[in-house]
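>>> Build me a structure from this.
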Amino acid sequence: MRVVLALCLASLIVGCQRIEPLPPPRKVVVAPPMIVPAMAAEEETSQHPERAVVRIRPAPVILEQPEEPAPRKIILINLAHGERGQYFIALEDGEEFLRGSVSGAITDNDSPLDYHPEEPHNHLGQFQITARRRRYHSRAHNCDMPYSLFFHNGFGHAIHACQPRDIGKLGQPASHGCLRVSTTSARRLFDWAGDDPVAVIITRE
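Below is the predicted model of the structure:
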């Protein structure tokens with residue numbers, strides 16, 4: 001009997017105990033990844049190491065440089081010793097504008113582009129008109145160079161009108177390094193070139 005009473009008393013005591021309810025489940029929120037600058041990402045990570053920071057570095061942008069169009073105007077110079085002599089041909093869009101005789105350096109000394117000796121010399125290759133002077137006087141050679149179209153070494157080498165005394169030498173080597181043409185040809189070339197890009201191609205073929 002005592003055992004039964006003890007069991008009943010124990011069951012009453014257990015039934016009277018307060019049973020705490022279970023805590024509600026935590027709400028899990030998945031945030032989208034953040035794209036932040038490098039400085040912000042490092043600061044955010046140091047203050048809240050439990051947070052995941054998405055760090056994205058943008059790829060470098062490489063801009064392609066557009067190719068420069070080929071000059072529409074070209075002056076071809078041939079310094080070969082042939083039956084035709086030394087001559088030039090001016091072309092625009094492939095069509096001939098003017099041709100005539102020219103005189104290169106009095107010697108056949110073809111110097112590299114970066115070498116400018118004191119003695120007469122030529123430079124072969126492709127150049128660009130860089131300066132224009134309707135009236136120009138060379139202090140180095142104490143002579144006038146009307147209608148000068150400079151193409152190399154600053155104001156060193158140019159296509160220009162020859163002196164009246166040298167008109168009979170056109171078509172053969174006679175200059176110190178410039179390309180001499182008649183006054184009529186020089187004036188026409190000067191006006192035709194204007195401010196447009198003009199290529200000068202000098203060969204010996």
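>>> Packing partners of the helix or strand where residue 89 lies?
If you go by DSSP states H and E, residue 89 is part of strand 87-92. Using 3 or more C-beta pairs under 8 Å, 6 or more residues apart in numbering; DSSP states H and E as the contact test, the elements touching strand 87-92 are strand 73-78, strand 95-101, helix 183-193. From N, CA and C alone the C-beta is placed, and that goes for glycine too.
>>> buried residues in it?
Along strand 87-92, these residues count as buried under the neighbour rule (16 or more other C-beta atoms under 10 Å): 87-91.
>>> Now do the helices in the chain.
Assigned by DSSP state H, the helices in the chain fall at 2-16, 38-47, 183-193.
>>> quick check: mean pLDDT across the shortest one?
If I follow you right, that is helix 38-47. For helix 38-47, the mean pLDDT works out to 47.
>>> now swap in the last one and tell me
Mean per-residue pLDDT for helix 183-193: 97.
>>> Now do it: everything it contacts.
For helix 183-193, the surrounding residues in contact (C-beta atoms under 8 Å, 6 or more residues apart in numbering) are 73, 75, 88, 90, 92, 97-98, 100, 129, 132, 134, 146-147, 149, 159-162, 164, 181.
>>> now do stretch 137-155
The contact list for stretch 137-155, computed with C-beta under 8 Å, 6+ apart, reads 113, 116, 123, 127-136, 156-161, 163, 176, 178, 183, 186-187, 189-190, 193, 198, 200.
>>> Now with 7 Å, please.
Identification of contacts with stretch 137-155 by C-beta atoms under 7 Å, 6 or more residues apart in numbering yields 116, 123, 127-136, 157-161, 163, 176, 183, 186-187, 189-190, 193, 200.
>>> burial measure for residue 191, as a count.
Residue 191 has 10 neighbours, counted by other C-beta atoms under 10 Å.
>>> again, but for residue 100
Neighbourhood size, residue 100 [other C-beta under 10 Å]: 17.
>>> hang on, it packs against residue 179?
No. Counting by C-beta atoms under 7 Å, residue 100 does not reach residue 179; the two are 11.1 Å apart.
>>> So what's the predicted local confidence for residue 81?
85.
>>> ok so, going back, take the buried residues of strand 87-92 and write them to a markdown table, including distance to residue 172.
Shown next, in a markdown table, are those (distance: C-beta to C-beta, whole Å):
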| residue | distance to residue 172 |
| --- | --- |
| 87 | 11 |
| 88 | 14 |
| 89 | 18 |
| 90 | 20 |
| 91 | 24 |
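>>> Which one of those is nearest to residue 168?
Closest approach to residue 168 among those (C-beta to C-beta): residue 87, at 15.6 Å.
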